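>>> Sequence plus predicted model, see below.
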Number of protein chains: 2
Amino acid sequence: MSKAIYWLGVDLGGTKMLAALFTDKFKLVAERKEKTGGQDGAKAVVGRLKELIGDTLADAGVPVKKLGGLGLGVPGPVNVQTGTVISAPNLGWRQLPLQKILERFCHRPTRVFNDVDAGTYGEYRFGAGEQARCVVGLFPGTGIGGGCVYEGEIFSGSEHSCFEVGHMQAVPEGRLCGCGRHGCLEAHASRLAISADVAAAAYRGQAPALLELAGTDLRDVKSRTLAKSIAAGDSAVEDIVRRAARQLGVAAAGVVNLIAPDIIILGGGLVEALEKLYLAEVREAVANHAMPLLADRVKVRAAQLGDRATVLGAAALVAAERGRK
Amino acid sequence: MSKAIYWLGVDLGGTKMLAALFTDKFKLVAERKEKTGGQDGAKAVVGRLKELIGDTLADAGVPVKKLGGLGLGVPGPVNVQTGTVISAPNLGWRQLPLQKILERFCHRPTRVFNDVDAGTYGEYRFGAGEQARCVVGLFPGTGIGGGCVYEGEIFSGSEHSCFEVGHMQAVPEGRLCGCGRHGCLEAHASRLAISADVAAAAYRGQAPALLELAGTDLRDVKSRTLAKSIAAGDSAVEDIVRRAARQLGVAAAGVVNLIAPDIIILGGGLVEALEKLYLAEVREAVANHAMPLLADRVKVRAAQLGDRATVLGAAALVAAERGRK
């Protein structure tokens, strides 16, 4: 019998879940995607998750006992000691002991991470992070996620995942955030905040291309639609997105002043659709708002792994932890 | 001959320098203070520093060969690999290889740290930090310094000291900072910023007690004078100091959102003079502006070691480093 072992990574998102099986060298062996269906409740989602894990192993013909471990990224804060999901607003979860549940299911070492932490670790190991000493990931999207890998490990609190860049104050007494406070970066610079602003511009007649591309329902404008409307000449849309990118950049400058990362990686849908704009604005904001000494040193880059960052990172994290034991 | 070894810590400030000799258990053996006289140039200051070190050892009758090592805290960013002082505005220094200079002088292991980093480490080891996993020090004074001890070591960039809390953005497009940018926390909440605001209040006739205490020269109001004027009923002064403390608290909340420290230690002259006010405002701002999950966990405390924090921390840091080798 072969001694090969495998590592499974899962990215559990608000709308879809992705599972990927890797060899010990992190070569992809099998991959599956499924709708999350969060509205059906935690029990149904966990059921689908178990099925997804089983099916992915079956696709590759790998028995569960050959699994070195299982790593998951979830969209919310996590208790890093127990792997309990503290809250996942997109899934309606609160205090779900996911790590324990899945460990009972597959009887293999299981670890639950915040999805952005796992994604940043994925980029750190296999993507734009080059295994540098301090790598920060910033992922503007529906919300704004952040993660940090410091000396090879995810930067976490003693009990909880952290690096909540989206809830740093961008504007004193600014817009109301989903978290209940005012002026958070997320309330000003996420895709949803941008959507609200471009919708207003469109209703004022300042975004003709956007109206043509998206119709009149502008509650949730996709990143690609924003990119197309800018390319078609909607300068009001460009101004709005640049302003949001600049605010992200000022937050990035704050991160640079505090922890002096070697590399900042920008990822997520907005950056994928508007990479040039985002890199330029964030670089300029870091140059203008961080201490020159620290700003000069940090590299600002686009993510390289796209949707694979979190599954790769979660699988590699559980493998790294097992390796240390 | 006794095998006892000793550790020397130096706090090199803009106006005075303090040297302290400790046993291997960090019991104080001798202590000396001297004026820095930065206006005389780097060569003169280094000369006085050497003399101070020699005199402190002589006071205790300890020969230099019994020195395990020498740690210094300096008021500016430091190259953590070489111990070169990158800049120290209060001393007029730029790129001074202090570590090398002193190593040549005393032929003992020498390390140069940022003074706030060393002070935070001092509190971490011997004061309010309780050797917790992640301890942050915030020191509002003439400027606003920050430091972080993470898993027993100073949090630094790969090349430079960091944790420049004073240059995080507090107010978008706000006041001009000494660093040349606008809206830095230091430009709004340092003692010099408070001085400017209370002077304006005094000239408007809103700070009668302050005018009586400080006379009409209000360019650089001392922390104790602020405390006395508040105690005497100058409510405008109290409002100004509370606003500054709250802005420090919002920055502290940002730090909590990012790195989820276990303990935040507030120190420096303003906090010593107005401890109750500062603790209350910072605690409230953290509760209002950090994620509840992370805000609930962090302890906000006053520093315990006063002027001894940096000498103790610098001495203990060099000892810890030697211990690891």
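Okay, I see it. Numbers count the residues shown, from 1 in each chain, chains lettered A, B, ... in the order given.
>>> Please make it C-alpha for all contacts and neighbour counts, starting now.
Will do.
>>> Burial check on the closest residue to chain B within the stretch 51-200 of chain A, number of neighbours?
The stretch 51-200 of chain A approaches chain B most closely through A:F163 (3.8 Å), counting by Cα to the nearest Cα. By other Cα atoms under 10 Å in any protein chain shown, the residues close to A:F163 number 29.
>>> And the pLDDT at A:K325?
As predicted, A:K325 sits at a pLDDT of 65.
>>> pLDDT value on the closest residue to chain B within the stretch 201-325 of chain A, please?
Going by Cα to the nearest Cα, chain B is nearest to A:L258 of the stretch 201-325 of chain A, at 3.8 Å. Note on A:L258: pLDDT of 98.
>>> show me the contacts for A:R219.
Listed by Cα atoms under 8 Å, 6 or more residues apart in numbering or on different chains, the contact partners of A:R219 are A:L192, A:S195, A:A196, A:A199.
>>> tell me the angle the helix ranked longest in chain A makes with helix B:235-259.
Longest helix in chain A, counting residues (DSSP state H): helix A:235-259. Interaxial angle of helix A:235-259 relative to helix B:235-259 (axes from the mean of the first three to the mean of the last three Cα atoms, to 10 degrees): 90 degrees.
>>> If you count neighbours, what's buried in helix A:235-259?
Going by neighbour count (16 or more other Cα atoms under 10 Å in any protein chain shown), the buried part of helix A:235-259 is A:236-238, A:240-259.
>>> Show me what that helix is packed against.
helix A:185-189, helix A:191-203, helix A:223-231, helix A:275-289, helix A:292-295 (3 or more Cα pairs under 8 Å, 6 or more residues apart in numbering or on different chains; DSSP states H and E).
>>> Could you name the helices and strands sitting against the last one?
Yep, that's helix A:292-295 we're talking about. Using 3+ Cα pairs under 8 Å, 6+ apart: helix A:292-295 touches helix A:235-259.
>>> Tell me which helix or strand comes right after the helix it packs on.
strand A:263-266 (DSSP states H and E).
>>> near chain B at all, that following strand?
No - judged by Cα under 8 Å from any Cα of the partner chain, strand A:263-266 stays clear of chain B, getting no closer than 10.9 Å.
>>> Contacts for that strand next, please.
Contacts of strand A:263-266 (Cα under 8 Å, 6+ apart): A:120, A:128-129, A:132, A:134-140, A:279, A:298-303.
>>> Show me what counts as buried in the helix or strand where A:T56 lies.
Assigned by DSSP H and E, A:T56 belongs to helix A:42-60. The neighbour-count check on helix A:42-60 (16+ other Cα under 10 Å) flags A:A42, A:V45, A:V46, A:R48, A:L49, A:L52, A:I53, A:D55, A:T56, A:L57 as buried.
>>> from those residues, which is closest to A:A88?
A:A42 (10.5 Å; Cα to Cα).
>>> now the angle between helix A:42-60 and the host helix or strand of A:L18, please.
According to DSSP H and E, A:L18 maps onto strand A:16-23. Calculated by the same axes, to 10 degrees, strand A:16-23 forms an angle of 40 degrees with helix A:42-60.
>>> Is there a neighbour count for A:K3? I'd like the number.
For A:K3, using other Cα under 10 Å, the count is 5.
>>> ok, A:R246 - contacts?
With Cα under 8 Å, 6+ apart, A:R246 has these contacts: A:E281, A:V282, A:A285.
>>> can you give me phi and psi for A:L8?
phi -110, psi 130 (degrees, to the nearest 10).
>>> give me the beta-bridge partners of it?
Legend: beta-bridge partners of A:L8 under DSSP bridges are A:L21, A:L70.
>>> from what I can see it touches A:A20, true?
Yes - the pair A:L8 / A:A20 is scored as a contact, 5.7 Å apart, by Cα atoms under 8 Å.
>>> Next, name the residue at the spatial heart of chain A.
With distances taken as Cα atoms, centre = their mean, chain A has A:V116 as the residue nearest its mean C-alpha position (3.6 Å).
>>> which stretch of helix or strand covers the closest residue to that one other than its chain neighbours?
Spatial nearest neighbour of A:V116, excluding adjacent residues (Cα to Cα, 6 or more residues apart in numbering or on different chains): A:G147 at 5.6 Å. Secondary structure assignment for A:G147, by DSSP H and E: strand A:144-150.
>>> could you dump that strand to CSV, C-alpha only?
Coordinates of each C-alpha in strand A:144-150 appear next as CSV, following Å, rounded to 0.1, in the frame of the first residue of the first chain:
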residue,chain,number,x,y,z
ILE,A,144,-13.4,44.1,3.4
GLY,A,145,-11.3,41.3,4.8
GLY,A,146,-7.8,41.3,6.1
GLY,A,147,-5.2,38.7,7.2
CYS,A,148,-1.6,38.6,8.2
VAL,A,149,1.0,35.9,8.2
TYR,A,150,3.9,36.8,10.5
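>>> The next helix or strand along the chain from it pairs with which strands?
Reading on from strand A:144-150 to the C-terminus, the next helix or strand found by DSSP H and E is strand A:153-154. Pairing partners of strand A:153-154, with direction, according to DSSP bridges: strand A:144-150 (antiparallel).
>>> Next, the angle helix A:191-203 makes with the strand it pairs with.
150 degrees.
>>> And the contacts of strand A:144-150?
Contacts for strand A:144-150 (Cα under 8 Å, 6+ apart): A:116-117, A:119-121, A:124, A:133-139, A:154-155, A:162-166, A:185-186, A:189-190.
>>> ok, now with 6 Å
A:116-117, A:120, A:133-139, A:154-155, A:163-166, A:186, A:190 (Cα atoms under 6 Å, 6 or more residues apart in numbering or on different chains).
>>> what do you get for stretch A:84-101?
Everything outside stretch A:84-101 that qualifies as a contact, by Cα under 6 Å, 6+ apart, is A:G14, A:G38, A:P75, A:G76, A:P77, A:V78, A:G83, A:T110, A:R111, A:V112.
>>> Could you do stretch A:301-319 as well?
Contacts of stretch A:301-319 (Cα under 6 Å, 6+ apart): A:7-11, A:71-72, A:118-119, A:121-122, A:127-128, A:265-267.
>>> which two from those end up farthest apart in space?
Farthest pair in the contacts of stretch A:301-319, by Cα to Cα: A:W7 and A:L266, 26.1 Å.
>>> show me where pLDDT drops low in chain A?
A:1-2, A:325 (pLDDT under 70).
>>> Can you give me the domain assignment for it?
A:6-115+A:310-324, A:128-302 (automatic domain parsing).
>>> circling back: now, of the helices and strands packed on helix A:235-259, which is deepest in the fold?
Burial of the helices and strands packed on helix A:235-259 is given as mean neighbour count (mean count of other Cα atoms under 10 Å in any protein chain shown); helix A:185-189 ranks first at a mean of 28.
>>> Contacts for that helix next, please.
Counting by Cα under 6 Å, 6+ apart, A:G143, A:I144, A:G166, A:H167, A:M168, A:Q169, A:A170, A:R175, A:C177, A:A193, A:A244 sit against helix A:185-189.
>>> CA-only coordinates of it, as CSV, when you get a sec.
Extracted as CSV, the C-alpha positions of helix A:185-189 are listed here (Å, rounded to 0.1, in the frame of the first residue of the first chain):
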residue,chain,number,x,y,z
LEU,A,185,-13.6,51.3,6.3
GLU,A,186,-16.1,48.7,5.1
ALA,A,187,-19.0,51.1,5.3
HIS,A,188,-17.1,53.5,2.9
ALA,A,189,-15.0,51.3,0.6
